[in-house]
Structure formats: structure tokens, C-alpha cells
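>>> Got a predicted structure here, sequence first:
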Amino acid sequence: MHTVAVIGAGKIGELLLSGLLRSGWPAGRLLATARRTERAEELAARYGIRVLKNEAAVGEADVLAVAVKPQDAEALMTDIGPKVPSGKLVVSLCAGLPTSFFAKWLPEATPVVRVMTNTPALVDQAMTAISAGAFATPAHLELAEEMFAPLGRTVRVPESQQDAVTALSGSGPAYFYYLVEAMTDAGILLGLPRQVAYDLIVQTAIGSAIMLRDSGEHPVKLREAVTSPAGTTISAIRELENHGVRAALLAALEAARDRARQIAEQQS
Ligand SMILES: NC(=O)C1=CN([C@@H]2O[C@H](COP(=O)(O)OP(=O)(O)OC[C@H]3O[C@@H](n4cnc5c(N)ncnc54)[C@H](OP(=O)(O)O)[C@@H]3O)[C@@H](O)[C@H]2O)C=CC1
Ligand SMILES: O=C(O)[C@@H]1CCC=N1
């Protein structure tokens, strides 16, 4: 079994650590690094894993899961890149950064796999997209899948699609939370107590999501089944169309994709 070091265990790094532990990955095969001492102590106490300095972790682990913010990746790689021994697999969780970004600091031909996961990893319902960089083999992709499959679903995509994936599923949970927030407010506008409005919309979201996943029906069909002639739903849909919600979503996801590209340009 491989030893995985999560380099920069913040929110996403911690989700990976906790998901691996829930799936039975031995704590002795997991390492983490943190920038602050309090954070290192917190992770060690919470998960019973060793939290090391970056240099020690990259020496000991076979797989380096880089989970720092993209803006911190250059400083990190400048520090650890020259200390990474040959033969390690680097798995980048960073939005925007292409696998080629890491090559300039790593020993020649170091395999890099780029992944984009999302926060529902906390409940083993992540969507993780995995791409091979120049030197990553099918075996490296399988290893990345082994790491992320316990956190939810995985899919392989060409690396050229990763910025779009980031806009859709990486950032995606935020859009759904935003909708729930707005719809809860709408319930309050209609006179419902906040908690009642929240419970109604959360359960409606869960039920709708399960139908989307399990019914085999196209979303249009599912929506049509709710939308009665001259009924309530079509009155709401007309307002969504009047307010350009579909166009807003197209523009929003394009903006997220463009931001991922911009991050890469700023860091290269
Ligand atoms: N949040 C999300 O939903 C998603 C995030 N991502 C990607 O995951 C990555 C991490 O994001 P997120 O977890 O939200 O960010 P966080 O800021 O929570 O985590 C990054 C962590 O890295 C630490 N760090 C920074 N530099 C170093 C260093 N040189 N050595 C050791 N530790 C270091 C930070 O320390 P400190 O606490 O001191 O800042 C922080 O704890 C990003 O690249 C992001 O694009 C991908 C998918 C979804
Ligand atoms: O907002 C971000 O940049 C990160 C990447 C995807 C989700 N959160």
C-alpha cells in the first residue's frame, strides 16, 4: 500500500484525509503537512496521523497530494521541488494549475495527475475528475482513482477539460447552496418560518437530486411532470425566464472557467 502525504492540509486536504481514513486507509500510511503549528497539532489530534514538515513528508511518502491554494503553489514548489526524490507521484488538487506547472520544480519525468474534487467529499458524495499529465501512466490514474473513489464518484477527463470541470463540479456545490439560501428567503417572503422554509427546500433538493441520478429521465421530462397546464410551476418558470436565470448560469460558469485560466496565467 502507498503512503500518501497531503501537502497543505486545509479544507480540501482534510476532506481527503478524513475520507481515506473512513474508507479504511491505514493512518500509518497517511501523512499531512500544515503551515501553522496549531493546524498541525489539530490534524494530528483529530486523525491520529503524523503531521510533518514538508521536506520530511515528501521524502517519506510515495504520493504527494498538493492541496495548497493555487496562489501558494509557487512558493511551496520552490521550497520542496528540489527536495522531491525521483519516483514520486504528484497529485495536484489545485484549481487552474496545469500539470505542466509543476514540472519546472520536479525531477525530470515525475508523473503528475490533476484532480478536481468537491466538498461533498465530507459525506462520501464528491464528484472527482482525474486527468493524466505528461508522465502519468494508467497505473498512476488508477492509484488516483483508488484515493478518490471512497470520497464519491470519479471520472477521467482530458486535462484540457479541467477548467470547465472546475467551473461545473468543483465550484458547483456553492451554486446549489446559493439557490437554497435564495429559495429559503423566498419562503420567508411568502410567510413561512425560516426553519420550515429551509427544511422544505433542503428535502426538495435531496429528492430532486436522487431522481436526477436514479430515474434515468432527462431533467426536462422531470420538470414537465411537475409543470401543470395553467398551474403554479409555469408561473414561476416564466419569471425565471424573464429574469434570465438560464443565461445567468451560462455566464456564471463561463466566468468561473475563465478565472481558472487566469489563475494559471498569473502563476506561470
Ligand atoms: N474549497 C473547495 O471547495 C475546493 C478547493 N479546491 C482546491 O484545493 C486547494 C485547497 O483549497 P482549500 O482547501 O479550500 O484551501 P485552504 O486554504 O483551506 O487549504 C490550503 C492549506 O494549505 C496550507 N499551506 C499553504 N502553503 C503551505 C505550505 N508552503 N506548506 C504547508 N501548508 C501550506 C494553508 O495553510 P494556512 O492555514 O496557514 O493558510 C492551508 O491550510 C486549492 O488549490 C483549491 O483550488 C479544489 C476543489 C474544491
Ligand atoms: O473557488 C475556488 O477557487 C475553489 C476551486 C473549486 C472550488 N473552490
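All right, it came through fine. Ligands and ions are numbered 1, 2, ... in the order given.
>>> Give me the nearest residue to P158, chain neighbours excluded.
Spatially, and ignoring its direct neighbours in sequence, P158 is nearest to S131 (6.3 Å; CB to CB, 6 or more residues apart in numbering). Heads up, the C-betas are built off the backbone N, CA and C, glycines and all.
>>> what about the one you found, distance to R156?
Counting by CB to CB, to the nearest Å, the gap from S131 to R156 is 7 Å.
>>> When those two are compared, which one has more neighbours?
For S131 versus R156, neighbours defined as other CB atoms under 10 Å are more numerous around S131 (24 against 12).
>>> The helix or strand that one falls within pairs with which strands, and in what direction?
If you go by DSSP states H and E, S131 is part of strand 126-132. Here strand 126-132 has these sheet partners by DSSP bridges: strand 112-116 (antiparallel), strand 152-156 (parallel).
>>> Now do the same contact list for L151.
L15, L16, G19, S23, T117, A121, D124, A126, T128 (CB atoms under 8 Å, 6 or more residues apart in numbering).
>>> Which two of those have the greatest separation?
Using CB to CB, the pair of the contacts of L151 lying farthest apart is S23 and T117, separated by 14.1 Å.
>>> same question for whichever strand or helix holds A209, mean pLDDT?
Assessed by DSSP H and E, A209 sits inside helix 194-214. Across helix 194-214, pLDDT averages out at 98.
>>> likewise stretch 240-255?
Computed over stretch 240-255, the mean pLDDT rounds to 98.
>>> Could you see whether ligand 2 lies near that stretch?
No: for stretch 240-255, no contact with ligand 2 is found by CB under 6 Å from any ligand atom; the gap never falls below 11.6 Å.
>>> Show me which residues of that stretch are buried.
By 16 or more other CB atoms under 10 Å, the buried positions in stretch 240-255 come out as L253.
>>> For that stretch, list the C-alpha coordinates in PDB.
What follows is stretch 240-255, C-alpha atoms only, in PDB (Å, rounded to 0.1, in the frame of the first residue of the first chain):
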ATOM      1  CA  LEU A 240     -37.100  32.600 -14.100                       C
ATOM      2  CA  GLU A 241     -37.000  33.000 -17.900                       C
ATOM      3  CA  ASN A 242     -37.900  36.800 -17.600                       C
ATOM      4  CA  HIS A 243     -35.000  37.300 -15.200                       C
ATOM      5  CA  GLY A 244     -32.600  35.400 -17.500                       C
ATOM      6  CA  VAL A 245     -31.600  32.800 -14.900                       C
ATOM      7  CA  ARG A 246     -30.500  30.300 -17.700                       C
ATOM      8  CA  ALA A 247     -28.400  33.000 -19.300                       C
ATOM      9  CA  ALA A 248     -27.000  34.000 -15.900                       C
ATOM     10  CA  LEU A 249     -25.900  30.400 -15.300                       C
ATOM     11  CA  LEU A 250     -24.200  30.200 -18.700                       C
ATOM     12  CA  ALA A 251     -22.400  33.400 -18.000                       C
ATOM     13  CA  ALA A 252     -21.500  32.400 -14.400                       C
ATOM     14  CA  LEU A 253     -19.900  29.100 -15.300                       C
ATOM     15  CA  GLU A 254     -18.000  30.800 -18.200                       C
ATOM     16  CA  ALA A 255     -16.700  33.300 -15.700                       C
END
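>>> Nothing else from me, thank you.
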